[in-house]
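Asks: give the three-dimensional model of this entry:
(chains A and B)
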Amino acid sequence: MPEAHQIDIHHVAKLARLTLTDEEATRYESQLNGILTYIDTLTRYNLDGVEPTAHAMPVYDVLRADEPRPGFTQEQALSNAPKRFADQIQIPKVIE
Amino acid sequence: MLASSTIAALRKGLTAGEITPRDIVLDVAKSIEAGNAEIGAYLSWDVEAALAEADRADITKPLGGIPIAVKDNMNVTGQPCTCGSRILAENYTAPYDAGAIQKLRAGGAIPFGRLNMDEFAMGSSTENSALGITRNPRDLSRVPGGSSGGSAAAVAGDLAVAALGSDTGGSIRQPAALCGCVGIKPTYGRVSRYGLVAFASSLDQIGPLTKTVEDSALLLNHLCGYDAHDSTSLNVEVPDFTAALGRDIKGLRIGLPKEYYIDGIHPGVSASVQAAIRQLESLGAIIEEISLPHTELGVATYYVLAPAEASANLARFDGVRYGHRSSSAGDLLEQYTKSRSEGFGPEVKRRILLGTYMLSSGYYDAYYIRAQKARTLIRNDFTEAFKKVDVILSPTSPTPAHKLGELKDNPLAAYLEDVFTIPVNLAGLPGISLPCGTVEVEGKALPVGLQIVGKALDEATVLRVAHAYEQSR
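Replies: Residues are numbered from 1 along each chain as shown, chains lettered A, B, ... in the order given. You can find the predicted model right below:
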């Protein structure tokens, strides 16, 4: 039997780029541990040597000719940017 | 009321010159204005834009002048696309048409109205929408199902002629069952996912929700087809799905998975489905018991793959290019975390955390690869079963619609409700849900859905069986 799950919720939240309140952290930790225990159903079956399925209808090596084709205009691509400056997306300064 | 008509009936009216596309749009708009405050199926609808399209509509096209309501996770140029989330609610306007929308337009249809959904399609009740409550038109104290709850409620409540939904683990079929309309998830790869906001890319598929099986076939004719913008799109021929309708089902073999007919199914649901089985038998179908031995693995497999893929897909919501950007962030990292934490709701955060954990260093093989292997076993189960039978029959959902709020604090219990629909996504197969009676609960007749699953790319047989059953009732 697998051990009871003890997820480090703060570490996971950091990886996921989320900040959690203490209340959220407690709640998610307990809910996720419960869900992970249920997911342990998968360990009850021997899966050695089984080929993983990534897509039910596999399509391999989809290539197209490397030719110019119409795409978004600059205006379309920028149309939803929260902050724009000089036809570019503006973000907080990252280089001192 | 034209909003309560079928596409097929409206087409007759249009070609006979009895009605115009403008009449239809105005009537649907009137129905929305009268009923939406109560049902909450729509998040927004732009009557003027739809009327402008109606006036230009080419009624010689197969869907010419027919308004189709759209789940709020598909891009339609100039319209919102909130995904039921605060993170896209404020200031996102779609700059392009999704592949499925391009195809619908080519068939002459008018995308009209945006339908509520569980946030980023995560949920089975539409209660996870950050933008409003949708109620089941058959009993307003109950959920419409989800995640395409707005789509099902609009069609079943006659606020739309037909609608588009998306289905990752049952999100078209389950709400169709709970509201009492028809909903079909096509074979994975049949309909382009370009412009559908991604939840779990290896499972997501767009499909129609309609009042009749015939309307689903009509819409599928103009949704399916190859799209170079989607690398998982299948470059295969699209048949005329209406051609199979009306053919009898004598000698057709229908499989009942013994693993599905178990405890936990509501007795009323069970009785309705048993009656449907007898009905199909009386139409000449041969009923056989089959086995899908890895059924037990379905939900666990799904709740690894879907959150893992979602956590990667939703990484794009960082407040940089579109969507909510926190106004109180200092540096770039803080902009990411604050924008995401302010923008996403509880269920989305829960699944991002779960997926992130399972993809994190040291856990990838134990969860993601293991689940992909389990997926192979589930897919093989169906391959074996379809050597013996033509379609597989089950309830769509083990229970009728719950009360609003009933499963709110028990996510795992809610996940387990998807036991019959999830394996179909994992195997990439086509599946339809259609009404098969009602169950009386607290004085209300709650719809029951019958699920018919077919071989890959064999939507035609699924529709044929569904149509034969529907017409015999």
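
Asks: OK, contacts around the residue in the stretch 351-473 of chain B that chain A sits nearest to?
Replies: Nearest residue of the stretch 351-473 of chain B to chain A, counting by Cβ to the nearest Cβ: B:G428, 2.4 Å away. C-beta here means a position set from N, CA and C on the backbone, and glycine is covered the same way. Listed by Cβ atoms under 8 Å, 6 or more residues apart in numbering or on different chains, the contact partners of B:G428 are A:H55, A:A56, A:M57, B:T187, B:Y188, B:G189, B:R379, B:A456.

Asks: grab the nearest non-local neighbour of residue 62.
Replies: In the absence of a named chain, this looks at chain A. In space, and not counting its chain neighbours, A:V62 is closest to B:S231: 4.4 Å by Cβ to Cβ, 6 or more residues apart in numbering or on different chains.

Asks: that's the wrong chain, I meant chain B
Replies: Per Cβ to Cβ, 6+ apart, closest to B:P62 is B:G107, 5.4 Å.

Asks: do I have it right that that neighbour meets B:G65?
Replies: No. Judged on Cβ atoms under 8 Å, B:G107 makes no contact with B:G65 at a distance of 10.8 Å.

Asks: more crowded one of the two?
Replies: B:G65 (28 against 18; other Cβ atoms under 10 Å in any protein chain shown).

Asks: list the contacts of that one.
Replies: Contacts of B:G65 (Cβ under 8 Å, 6+ apart): B:L10, B:L14, B:T20, B:P21, B:I24, B:A54, B:A57, B:D58, B:I59, B:G108, B:I110.

Asks: restricted to strands, list the residues you listed.
Replies: Within these, residues falling in strands by DSSP state E are B:I110.

Asks: quick one: buried ones out of the contacts of B:G65?
Replies: Among the contacts of B:G65, those buried by neighbour count (16 or more other Cβ atoms under 10 Å in any protein chain shown) are B:L10, B:L14, B:T20, B:P21, B:I24, B:A54, B:A57, B:I59, B:G108, B:I110.

Asks: does B:D97 lie in a helix or a strand, and which?
Replies: Using DSSP states H and E, B:D97 sits in no helix or strand.

Asks: spit out the contact partners of the closest residue to it other than its chain neighbours.
Replies: Sequence neighbours aside, B:T77 is the residue nearest to B:D97 in space, at 5.2 Å (criterion: Cβ to Cβ, 6+ apart). B:T77 makes contact with B:A94, B:P95, B:Y96, B:D97 under the criterion Cβ under 8 Å, 6+ apart.

Asks: could you export the residues you listed as CSV, including neighbour count?
Replies: Shown next, in CSV, are the contacts of B:T77 (neighbours: other Cβ atoms under 10 Å in any protein chain shown):
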residue, neighbour count
B:A94, 21
B:P95, 18
B:Y96, 17
B:D97, 20
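
Asks: ok, back up a step: how about the contacts made by the closest residue to the residue of the stretch 351-473 of chain B closest to chain A other than its chain neighbours?
Replies: The shortest distance from B:G428 to any residue other than its chain neighbours is 2.4 Å, reached at A:A56 (Cβ to Cβ, 6+ apart). Counting by Cβ under 8 Å, 6+ apart, A:A56 touches B:Y188, B:S202, B:R375, B:R379, B:N425, B:L426, B:A427, B:G428, B:L429, B:A456.

Asks: switch the cut-off to 10 Å
Replies: Going by Cβ atoms under 10 Å, 6 or more residues apart in numbering or on different chains, A:A56 touches B:187-189, B:202-203, B:205, B:232, B:375-376, B:378-379, B:382, B:424-429, B:456.

Asks: for it, give me the pLDDT.
Replies: You'll see A:A56 listed with a pLDDT of 86.

Asks: so it sits in a strand?
Replies: No. Assessed with DSSP: H, G, I helix; E, B strand; the rest coil, A:A56 is coil; it does not lie in a strand.

Asks: distance check, it against A:T19.
Replies: Shown here: A:A56 relative to A:T19, a distance of 36 Å by Cβ to Cβ, to the nearest Å.

Asks: quick one: mean pLDDT for the helix or strand hosting B:R278?
Replies: B:R278 belongs to helix B:267-282 when elements are defined using DSSP H and E. Helix B:267-282 shows a mean pLDDT of 97 in the predicted model.

Asks: what is that helix packed up against?
Replies: strand B:253-257, strand B:286-290, strand B:391-395, strand B:431-441, strand B:444-454, helix B:459-472 (3 or more Cβ pairs under 10 Å, 6 or more residues apart in numbering or on different chains; DSSP states H and E).

Asks: swap in 7 Å and give it another go.
Replies: With contacts taken as 3 or more Cβ pairs under 7 Å, 6 or more residues apart in numbering or on different chains; DSSP states H and E, helix B:267-282 sits against strand B:391-395, strand B:431-441, strand B:444-454, helix B:459-472.
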